[in-house]
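S.K.: What follows is a predicted structure for the sequence shown.
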Amino acid sequence: MLKKVATYSALVASSYLMAATSQAGIISSVSTNDTSASYTLNEESLMNGSSAFSDSGETWLSVPEYLMGADYIETAQTDNSNSDLEVSVSFNGDGTLYFFHADELDLPAWASSAFADTGDSITLTGPVAGSYSVYSMMVSSDSDFTFLDNDPDTTNSGLMYGIAAVGDGSGNTGGDNGGDNGGANEVSAPATFALFSLGLAGLMSHRRSNHK
């Protein structure tokens with residue numbers, strides 16, 4: 001009996017783990033009006049050492065915990081001073097959109113009106129390096145957002161912005177709102193209860209079969 005109870009418990013634990021790691025990415029697509037540049041969508045894979053740009057060797061370090069495992073986009077460093085830039089990002093779920101912008105550059109007006117400063121930062125390292133502030137805004141399913149120029153008045157050659165997103169239940173807006181939340185794989189309370197109920201039903205079924 002104890003062996004079968006342990007088997008049921010292992011099954012429930014396995015089901016919980018699968019639910020915790022199988023969330024689909026919140027970003028459904030990315031497109032840009034710059035046909036000469038590549039913008040690469042990476043689902044649920046942001047971590048320390050992730051490539052920052054599709055056309056250069058910089059990487060992200062000191063990634064805040066709540067951004068670990070987030071969807072993120074490798075932007076194009078060559079668009080750093082593109083005053084006509086438009087980057088459209090579409091979403092297939094509710095969640096939080098994040099914008100990384102170099103501290104040494106002025107924040108564009110379009111960004112300051114849409115995003116809130118989380119108070120957190122992320123580090124760009126490599127051939128070009130710098131500290132980036134992390135900004136956030138809420139997004140909803142089947143919506144999109146268009147990013148514009150990085151800082152068209154600057155002559156710097158490498159500090160392009162970064163983009164990431166986390167779905168509801170797996171992240172937060174950072175800073176004073178709970179930046180130590182932890183991971184992009186958190187399971188909601190209803191899902192946890194459903195898995196627990198499934199395991200309990202299996203145990204009850206087993207007990208009934210033993211009494212026949």
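M.R.: Arrived safely, thanks for sending.
S.K.: quick one, domains of the protein?
M.R.: 1-23+186-212, 27-184 (automatic domain parsing).
S.K.: Mean pLDDT lowest where, among those?
M.R.: Among these, domain 1-23+186-212 carries the lowest mean pLDDT, at a mean of 44.
S.K.: what about residue 44, neighbour count?
M.R.: Using other CB atoms under 10 Å, residue 44 has 21 other residues around it. (Each C-beta comes from the backbone N, C-alpha and C, glycine too.)
S.K.: Look up which helix or strand it falls in, please.
M.R.: In the assignment (DSSP states H and E), residue 44 maps to no helix and no strand.
S.K.: ok, it touching residue 25?
M.R.: Yes: assessed by CB atoms under 8 Å, residue 44 is found in contact with residue 25 at 5.3 Å.
S.K.: Common neighbours of the two, please.
M.R.: residue 71 (CB atoms under 8 Å, 6 or more residues apart in numbering).
S.K.: now the strands: where do they sit in the protein?
M.R.: Along the chain, counting by DSSP state E, strands occupy 27-32, 40-42, 50-51, 59-61, 71-74, 87-91, 95-102, 116-125, 130-139, 144-147, 162-167.
S.K.: Distance of residue 118 relative to residue 40?
M.R.: The spacing between residue 118 and residue 40, counted by CB to CB, to the nearest Å, is 24 Å.
S.K.: And the two? Which one has more around it.
M.R.: A direct count of neighbours by other CB under 10 Å for residue 118 and residue 40 places residue 118 higher, at 23 against 14.
S.K.: And residue 80, how far from residue 86?
M.R.: 15 Å.
S.K.: Which residue of those two possesses the greater neighbour count?
M.R.: Just comparing residue 80 and residue 86: by other CB under 10 Å the higher neighbour count belongs to residue 80, 25 against 13.
S.K.: can I assume that one is in contact with residue 156?
M.R.: Yes: in terms of CB under 8 Å, residue 80 counts as a neighbour of residue 156; the distance is 6.6 Å.
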